[in-house]
Every structure is written in structure tokens, then in C-alpha cells.
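Colleague: Sharing a sequence plus its predicted fold:
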Amino acid sequence: MVRIVHYLNQFFGGLGGEDQAGMAPVSEPGPVGTGRGLTRFLGGDDRIVGTVVGGDNYMAQGGNGAVEEVVGLISRFDPDVVVAGPAFGSGRYGLACGAVCAAVIEQLGVPALTGLHPDSPGAAEYRAWVPILATAETAAGMGAALERLAPLASRLARGEALGSAAEEGTLTKGLRRNTFEDVRGSTRAIDMLLAKMRGESFTTEWPLPSYEPAEASEPISSGASFRLALVTEAGIVPAGNPDRLPSGWATDWMTYPIQDRDGFAEGEFESVHGGIDTSFANQDPDRQVPLDAARSIEQEGRLSLHPDLLSTTGNMGTLRDMTRIGAEMGRALIADGVQAVIVGST
Amino acid sequence: MNSGPGRQILEVGAFDVSDVRAGPETAFADGILTIDIGELEELLAADPDLAAVSVEIIRPGESVRVVNAIDAVEPRIKVDPPGADFSGLLTRPRLVGTGTTHALKGVAVVETALPVPGEPRYWREAVFDMAGSTAGYSPLSELINVVVSCEPTTALLESEDRPTNVFEGTPEAVEYNKAVRLAGLKAARYLAETTLGQEPDRVDTYDLAPSPVNGLPAVVYLYQLAIPFLHGEIAPGAGAIGGAAHLPTPIHPNELLDGALVCGWNAIACMRELTYTVQNHPIIEDLYARHGQDIDFRGVVLFTNGDTRAAKERLANHAANLAIMMGAEGALINYAGGGHPAVDAMMICRNLERRGVTTTMLSMEMAANPGESGFVHFVQEADAIVSTGNYEETVLFEPVERVIGGDELIRIESDPSGAFEAPLAIVMASTHQFGGTRIRGEEY
């Protein structure tokens, strides 16, 4: 027998609508709401031994603490597997399903899965860690989703590894790994080109990513004095690179005092960037980070310069690390009252 | 341009090699290549830029790791016109891509060389195994390799001179690296000389005559160069070395197959433009094989990359112009790897698509961490990409009995014969840009 514990929100748990969205998690033995439908598709003597219901707002606003409460209630039923939702395309509910499954897997060591629409926020957030059945966007797809969730839950509970996303109808993790094809790349490329030219269907082997656009800040109002910071991803460091800033794959950033300098002299600062011809920057690092020009404008009284250079190496940097470094630098500079930044880029 | 007088038809006589052995006399008979190792070492060591040269034979399945690899070359010799081997390097620039060439199949000459202080080392680590789980990644692991290990002079090893940047070494270091490459080419010619006067196992004919079948889709291959020798000179503007990128140029594919293009630079091993791979260029080979079958192969356009926006726009417009002038309805584009080149390759894709030419790209991926897309740059038009593998994926190197090419690795802190983990990036030609292997990245 497989012991299933089911997680639902207040609506699908039959405890109320939006008026009950603030409710703290509660548990009940056996199936509730959606769980009665799921039971119809369970094989053998697999059964839902308990249900935990959490309010959408409570979970959305409660953070890790709310998830901990749910996981605590779930663990009392001693589950072999946890099913959350399905939550389809919903925002709060889908995120809660993802968070609960991720916590169950990590903290209880018990398999868990949910059902979400591929474009839902919960899918984007948790697909790398949680098995997610791809569902319709609305609860109109409930029957189909439950029919497919039931056997997946049973297999996970028995320790079976799921097949590929395409085979199982689950979402990919959104990660990349190497595999081997039967046919070499050059031949596949010609086949793909011909299919595309004929208007036949083809599947790119490397889908394009989508990045969130960066919002530009309001311009500095002309004439007003402002505080400017110099930042670079060109790996500009004091000669000899005392902090061992790497030439590539940097995961950290440095600050170097520049308040006593009117510019960078050759031989005192250098670039350790591993992806560019650094000879021009090394001859005169001001070419990379315009300290000399900024200082002369400061002396005209039009701006005040932050006392430090913030420096990292962008070469080969991962999007995740660079996003974090940018945010850390931004927070530090805002705390120092900086209104504008020049990023000496490569 | 492909018919009438002066047609360039290349016939490559292929000699299948079943084994390579050391012996008293260099000769090829019954599929066995025998090498007088001493004679070959003496021939190669005559170069004053090299202090010593040693030659070893390694076979698939042997517990051997090659480190500090530089290039790989298929043994070949020009039979007609004679003497036109590796145009511009072993001879003055010569007409190649026409006439007859002999090739020893299943064999590569692989040079190794200790790095010297005057050369950039950042990208130089280059390794492949002949057995074990990592052997499946390099095309060289499947070949019998004649490894030519070169040692620098003491003066060069002890020189205080350092490279000025990550691309270029000191003049002496550049000369040394070139001497190493020339040693490989000389060895390749020396070995293939053994086939003169013999009948090949088969003859592969490369003829870009107009397709005998009308109405097949016309395809041009846009080939992004790394930093190769082209007829003896580093292709101008290639790589992000600075200066103006030269305009793209059309080139007869036979020239590329016939020794006009030789690896010129120690790029990241996984994407190094090995001479062997260009002599057996997978895209060109496949396009030829299907010419007149299901495509009409119209030729090759070489392009490099600009290092300013204006240079990139000039280059990308011109590349599209050339392809369209050659009648392209479809285009294959390879990305050479690196930062700048990704932008140029993607701009060409966009230009062609906007002008009505259908494109497919071949690209390696560089996704170091979960959730990384692996793209340097992309355009929305690049909706058909063949992945040649994610070179940031970590692989486990197993211990080996023997190491050739040096006593230490460059960036990896491990005994070279030991077990270590490293990205696929350091494995020779493992994710190379021409799609010659079956590896690819997939989403899971």
C-alpha cells in the first residue's frame, strides 16, 4: 500500500473561497475535496491517508515558516509520497504547491509532485527541484490531471525513477546536460535546415532563453550635483592582484580606494580580465574606468565621486553570479547615497 | 564559377590503416604503417626552435592520457600537383583543392608541447584519453595517434619575457608554437609519403559542379574561423585580437579540405579548430555527400569577427550579401566559440533571415551552472540551432597508466595521470563547432 498525503488550498480543500485565504494550515485524515477525485484513479490499495489545507494568502505571506507548518502536519501522516494540487495556472496556489513539494523532498526525504501549467509562476520557480505534471491552465483540466498524477505518485512512492519529460508529460527541469545522438551534428544541422525550408516541423536543440528586461532609471536632473560611483567588470585591480580576483568565472567583487587618485597610472593598476586584449587597459586603466575624466568633472563641482572603485571580472561569469553581484553592488552604493554609476565594461 | 575551364576537382585517395608500428623502415603495406621512429625524430628535431622531439604511437583502448596537446593532423601528401602540401607553411602558397591527394585514414599526428613562460596559458589546457569513460568525448580517442612531443629550448623556458595579453605570446613563444605545428605537418607529410605509387582503398571525389538535379534547395555554408593559418598566414582579422575585421570571403570548399587551412592558435581545447577536423570537415563532407541528392551545395563563405559594432555590422551585412550572391536559399552557420564571435554569427543569422534566407546554426553551449542558458548572445531569428554540446559540463577523468606531453597540467591541480574532475572544455575537439561528433546538450 502506498500512503499518499495530499496538499490543497482552501478552495480545492472545500473550506471556503477568497474569504478564507488567510487560514493557517489544518490537516484532516483521508481525502478531502480534490482528493476524492484523485482517489478514483488510485490503483490497488494505494490511498490518501491525510490532507493538509493551507490558505493562499497565509502561504504567500508566511514564507518559510508557513511551509514548515505544512511540512510538520504532512510528516505526522508518515507519507510514502506527497501530492500537491494540481494548481493549474494559479499564482499563489501554484507557488505554495511548489514550495511544499520542495520542502518535503528536501526535509523529509519523501518524493513529492504537483501539477501546474508550464507558464505558471510556481513552475518557473520550482521546476528544477520538483517533478511537475504539465496541466491545463484552468481547473477544466482537473480530470485529465488527476488521472495522470495518480500513477506518477504511485511510481515515485515505490522508488521508481521517472522517464524523460517528454515520456511522462512532466515539465523539464529547465537544466542542460550532455547526451549523445545517433547522428552527428553536421548531418542533423542539414536535416533541420531542410525541414525548416520545407515548412515542416523541427525542434531546435537549444531553445532561446527569455531574459527579464532591465528597467532604466530616471535620468539625473541636469544641473544638479550628484554622487557618482565607478564600477567595472573589466577586472581592474591594483598591480599584482593582491586579492586574487580571478580572470574569469568570478563569484565575488572587490572595492579599492581611489579617493586619493586623479587617475590610474600604468603599473599601479591593471586588468586581469581573461577574455579581452588587456594591453590597452594596462597602458592606461583610465581607458577602462574613466577616473581621470570623472575627477576633473568633480573638480568643476558638478559631481562628487564615491571613494571606492567596485570591481569584478565579467568574463565567463554566470548570469546568476553576475545578477547577484550587481544587486550587492547596487545595495552598497545606494546605502552610500550614490545616484549614478558608470560601469566600465568590456 | 564551378563549371568550365579551371574546375576544381579534388580526388582524395584513402588508405585505410589498421595498425601503426615502430620498425626499421618507414613504409605502408597491407594496411600497416611502419615508422622508423629515429628517422622521424631526427627529421623533426632539425628545427632550431625545438630542443628535442620524441615520437610515440598510441592506440584506442590503451591506458594513455595526452596532455599539452596542440593540434592533430591527418597524414596527407599532394600527389598532383606534387609538393603543394599545407600551402604556405611547408611550401609557398600553392593552388590546392584540385588534383590528387593521398590520405592515411584512421591515423592522426598529434603534437604536444610544453608551454613556455612567454605564451598565454589561460586557454591552453588540452587533454584526451585513449581509454576509460572520457575517451568517448574526443574524436582523437578513436584514432591511432602518432604523438610528436616537442620540447622548447632552455633559453625559451627560462625567458623572463611574458605575454602582453591573453591572445598573443612573445615573438619567440609564437615562433616556438609555430615550429611545433610545422613539426606535425612535416610528420603528416612524411608518413603519407609511404603511399606514393600505391593504389588507394577508395577515392573520394569533391566536385562542386552545378547540381545535376534542378530545383534542389540552394545551400551556402558560412564558416566562422577561429584563428587559423590560411595559406600560411594567420587569417586576417580572425579572433578578437584587435584591428579591423576583414570582410568575409567566399572560398572553394576543396581548398579547406586540402591543407590550405591549418590550426593556428591554442584556443580552448573543446573548440580548437584542429587541422584534422578541417581536412575532414564534417559540414563540408555532409554537404558534398548530399549535393545533387537533396540539396544544391553552393559553396563556403569564411568570416571572422569584428571587435567594434561598426566592424560587426560591416561584416554581417557583407556575409549575407555574399551568400545571397551565391544563390543561397538556405544557410548553415557555425559559431567559432568565445564572446565576440557569438555576436557576429548571430547578426549574420538575423540578416539572412530578414532577407529571406533560411538558417540553421551549429553552436556549442557554455552553461556552467544549473539554470544558466549557456548563450553568450542570441537573436530571436536563431530558432533552429543544433547543439554541439555543453563544454562546461564536468567530467571525471580516470587514472591512467601513462601520460604523454608533460609532467604537469596547466590549470588543473592534479597529477596528470591521476583521477580529477574538469570541464569538457579541456578535451580536444569534444564539442567542436563543426558537428563532427554525436554529443549535444539537451534540456531535462
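Modeller: Thanks, I have the structure now.

Colleague: Now B:Tyr139: closest residue in space that isn't a chain neighbour?
Modeller: Heads up, residue B:139 is Pro, not Tyr. B:Ala429 (5.3 Å; C-beta to C-beta, 6 or more residues apart in numbering or on different chains). Just so you know, the C-beta spots here come from the backbone N, C-alpha and C atoms, and that holds for glycine as well.

Colleague: same deal with A:Glu328?
Modeller: The nearest residue in space to A:Glu328 (C-beta to C-beta, 6+ apart) is A:Trp253, at 7.0 Å.

Colleague: Contact partners for that neighbour?
Modeller: Contact partners of A:Trp253, counting by C-beta atoms under 8 Å, 6 or more residues apart in numbering or on different chains, are A:310-312, A:325, A:328-329.

Colleague: How about B:Thr249?
Modeller: B:301-302, B:322.

Colleague: just A:Arg177 next, same as before
Modeller: B:390, B:393, B:441-442, B:444.

Colleague: ok, residue 87 - how many residues close by?
Modeller: No chain specified, so I'll use chain A. Using other C-beta atoms under 10 Å in any protein chain shown, A:Ala87 is surrounded by 31 other residues.

Colleague: To clarify, I was referring to chain B.
Modeller: 24.

Colleague: next one: A:Gly43
Modeller: Around A:Gly43 there are 9 residues (other C-beta under 10 Å).

Colleague: Look up how far B:Gly389 lies from the residue nearest to B:Pro139.
Modeller: Distance, B:Ala429 to B:Gly389, using C-beta to C-beta, to the nearest Å: 11 Å.

Colleague: of the contacts of A:Trp253, buried ones?
Modeller: The neighbour count (16 or more other C-beta atoms under 10 Å in any protein chain shown) marks A:310-312, A:325, A:329 as buried among the contacts of A:Trp253.

Colleague: Lowest-confidence member of those residues, which is it?
Modeller: Lowest pLDDT within these is found at A:Ile325 (92).

Colleague: Show the pLDDT at the spatially closest residue to A:Ser201 that is not a sequence neighbour.
Modeller: Of all residues not flanking A:Ser201 in the chain, A:Ala195 sits nearest, at 7.0 Å (C-beta to C-beta, 6+ apart). pLDDT, A:Ala195: 98.

Colleague: And the host helix or strand of A:Gly50, what does it pack against?
Modeller: Assessed by DSSP states H and E, A:Gly50 sits inside strand A:47-54. Applying 3 or more C-beta pairs under 8 Å, 6 or more residues apart in numbering or on different chains; DSSP states H and E, one finds that strand A:47-54 contacts strand A:3-9, strand A:26-29, helix A:34-39, helix A:56-75.

Colleague: Out of those, which one sits most buried?
Modeller: Neighbour counts (mean count of other C-beta atoms under 10 Å in any protein chain shown) averaged over each of those peak at strand A:3-9, with a mean of 27.

Colleague: Neighbouring strands - and their directions - for that strand?
Modeller: Using DSSP bridges, the strands paired with strand A:3-9 are strand A:47-54 (parallel), strand A:81-88 (parallel).

Colleague: Give the next helix or strand downstream of the strand or helix carrying B:Thr388.
Modeller: Using DSSP H and E, B:Thr388 sits in strand B:385-390. Beyond strand B:385-390 in the direction of the C-terminus, DSSP H and E gives the next helix or strand as strand B:394-397.

Colleague: circling back to that earlier point, what about the contacts of B:Thr249, which one has the most neighbours?
Modeller: B:Val301 (26 neighbours).

Colleague: Are we agreed that B:Ala192 is in a helix?
Modeller: Yes - looking at B:Ala192 with DSSP: H, G, I helix; E, B strand; the rest coil, it is inside a helix.

Colleague: can you tell me the residue of the stretch 301-444 of chain B closest to chain A?
Modeller: Nearest residue of the stretch 301-444 of chain B to chain A (C-beta to the nearest C-beta) works out as B:Gly435 at 2.5 Å.
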